[in-house]
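> Give me a 3D structure for the following:
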Amino acid sequence: MQVNISVKSIKNLVDYGHQQISALSDSDSAKLDAQILLSFVLNKPCSYLLTWPDLSLEESDCQHFYSLLERRTQGEPIAYIIGTKDFWSLTLSVSPATLIPRPDTETLVEHVLIDFPNGALTCLDLGTGTGAIALALASEKPRWHIDAVDFSADAVLLAQKNAKDNQLPQVYIYQSDWFKQIAVNKSFDLIVSNPPYIENSDNHLSQGDVRFEPKSALVAKQNGLSDLIHIIDCARNYFNDAGALYLEHGFEQAEAVQQILAKYGYENIATLKDLAGNDRVTKGLYFKLNAKRRNNNV
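Predicted coordinates:
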C-alpha cells in the first residue's frame, strides 16, 4: 500500500485509516476500526492513542498498520485480522473456522441468566464455535456443569483454547455433530444453541463480514430451519424430567420456530428481542411427564 503521510503520528495514521475504511462502513465505525488496528500494532489500549496523538511511530509499525489496513479495506473482518473478539465479559480468540461472536447472541446469555438465577444446572451448548455462549454462562455460573460441542475439530480446538485463556476449565468441550457423540446416558436441564439459520439464497451471504465466515456455520436447508428443527426434535431425548431450550434464529423466523416448538410438545414458548429490537431468541420448556400423558391420550 502506497501511503503519502509526511508526519507519521498516531493522529495522522488514525485519520488516514479512517478515510480508507470509510467506504466500508459509517464514519464512527471506520474510525474505531482504524483505532483498533493501530492499537493492535502497538499492543496498546485505544486510550493510549488518545493520550499520545502526536507521537511519531517507527516505520516498521507504520508498515504493519498499512498491511492490516489493506486487509480491512478488502472487507476482511476486524476480528479475523487481530484474532480476537470481545463477548460478554470475555476476550475470545477467533479464526475463519468459526463465526465471529456478535452482541445479538448476548441476548441468549442474558435471558438464560435471568431465568435461572440460582442453583447448579447441567447445560449443553450445541454448535459452540468459539465457545462464546458456554464460556459466558460458565463465567457467571461456576457451579454449572456445561458441555459444549461442535462438529468442526478446528472449532473445538479454538473453544478449548478460549476456555483455557479465560480460566474456565470446567466447561467440557468436545467434537460432536449435534447430538451424535453425546453419551446416551447424559441429560441436561438446559440446552442452548446458535445454529445455522440462513437460507442458501439469502443475499446477506454476499455482504459484509459474513462473506469471510464459514458457510457451514451460517446456512441451513428448509428456508434456514432444518438445523433448528433437528435440535428441537432431538433435544427432547436429552432433557432431564423437564428441560429448557433456547435457540438463536433469524429476525423473521420467530413465528416459524414457535410453531415448530409447539408441534414437538414444548410449552411456555416465548421470543426475546435483541439489542436492535428484533426477534432473535426463542425459548420453550419441555416436560417429559406431560409428553407421556399426551401420548397416552392419543
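> CA only for contacts and neighbour counts going forward, please
Fine.
> what about the strands in the stretch 51-200 of the chain?
84-87, 90-93, 122-126, 145-150, 172-175, 188-193 (DSSP state E, counting those that start in this stretch).
> Can you say which of those is nearest to His64?
Among the strands of the stretch 51-200 of the chain, strand 84-87 comes nearest to His64, with 17.5 Å by C-alpha to C-alpha.
> and that closest one, what does it pack onto?
strand 90-93 (3 or more C-alpha pairs under 8 Å, 6 or more residues apart in numbering; DSSP states H and E).
> packing partners for the strand it packs on?
strand 84-87, helix 153-165.
> what bits of this protein have low per-residue confidence?
The model of the chain has pLDDT under 70 over residues 1-7, 25-27, 201-202, 204-206, 291-294, 296-298.
> what's the first-to-last distance across stretch 214-229?
21 Å (C-alpha to C-alpha, to the nearest Å).
> And for stretch 119-129?
26 Å.
> Show me which parts of that stretch are buried, residue by residue.
122-129 (16 or more other C-alpha atoms under 10 Å).
> Repeat that for stretch 131-142.
Per 16+ other C-alpha under 10 Å, stretch 131-142 contains these buried residues: 131-139, 141.
> from the residues you listed, which is closest to Pro77?
Of the buried residues of stretch 131-142, the one sitting nearest to Pro77 (C-alpha to C-alpha) turns out to be Ala132, at 17.6 Å.
> With distance to Trp52 and mean neighbour count as extra columns, can I get the helices and strands packed on strand 90-93 in CSV?
Listed next are the helices and strands packed on strand 90-93 as CSV, based on distance: least, C-alpha to C-alpha, whole Å; neighbours: other C-alpha atoms under 10 Å:
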stretch, distance to Trp52, mean neighbour count
strand 84-87, 24, 17
helix 153-165, 30, 20
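> could these be laid out in TSV, adding distance to Leu49?
Supplementary listing: the helices and strands packed on strand 90-93 in TSV, determined by distance: least, C-alpha to C-alpha, whole Å:
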stretch	distance to Leu49
strand 84-87	19
helix 153-165	26
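> Among these, which comes closest to Ser29?
Short answer: strand 84-87, nearest of the helices and strands packed on strand 90-93 by C-alpha to C-alpha, at 15.3 Å.
> which residues sit in contact with the nearest residue to Glu199 once chain neighbours are set aside?
Nearest non-adjacent residue to Glu199, counting by C-alpha to C-alpha, 6 or more residues apart in numbering: Gly224, 4.4 Å away. Contacts of Gly224 were listed using C-alpha atoms under 8 Å, 6 or more residues apart in numbering, and they are 196-200.
> mind running it again at 6 Å?
With contacts defined as C-alpha atoms under 6 Å, 6 or more residues apart in numbering, Gly224 is in contact with 197-199.
> Ends of stretch 221-231, what's the gap?
OK, stretch 221-231 end separation, C-alpha to C-alpha: 14 Å.
> Make 6 the starting number, not 1.
Done: numbering now begins at 6, and the last item shifts to stretch 226-236.
> Counting neighbours, which bits of that stretch end up buried?
So, applying 16+ other C-alpha under 10 Å, buried residues of stretch 226-236: 229-234, 236.
> And for the closest residue to Ser14 other than its chain neighbours, the neighbour number?
Among residues not flanking Ser14 along the chain, Ser61 sits closest, at 4.1 Å (C-alpha to C-alpha, 6+ apart). Neighbour count for Ser61, taken as other C-alpha atoms under 10 Å: 15.
> before we move on, the earlier item: could you dump the buried residues of stretch 124-134 into a markdown table with distance to Ser94 added?
Putting the buried residues of stretch 124-134 into a markdown table (distance: C-alpha to C-alpha, whole Å) gives the following:
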| residue | distance to Ser94 |
| --- | --- |
| Thr127 | 22 |
| Cys128 | 20 |
| Leu129 | 20 |
| Asp130 | 18 |
| Leu131 | 21 |
| Gly132 | 20 |
| Thr133 | 17 |
| Gly134 | 17 |
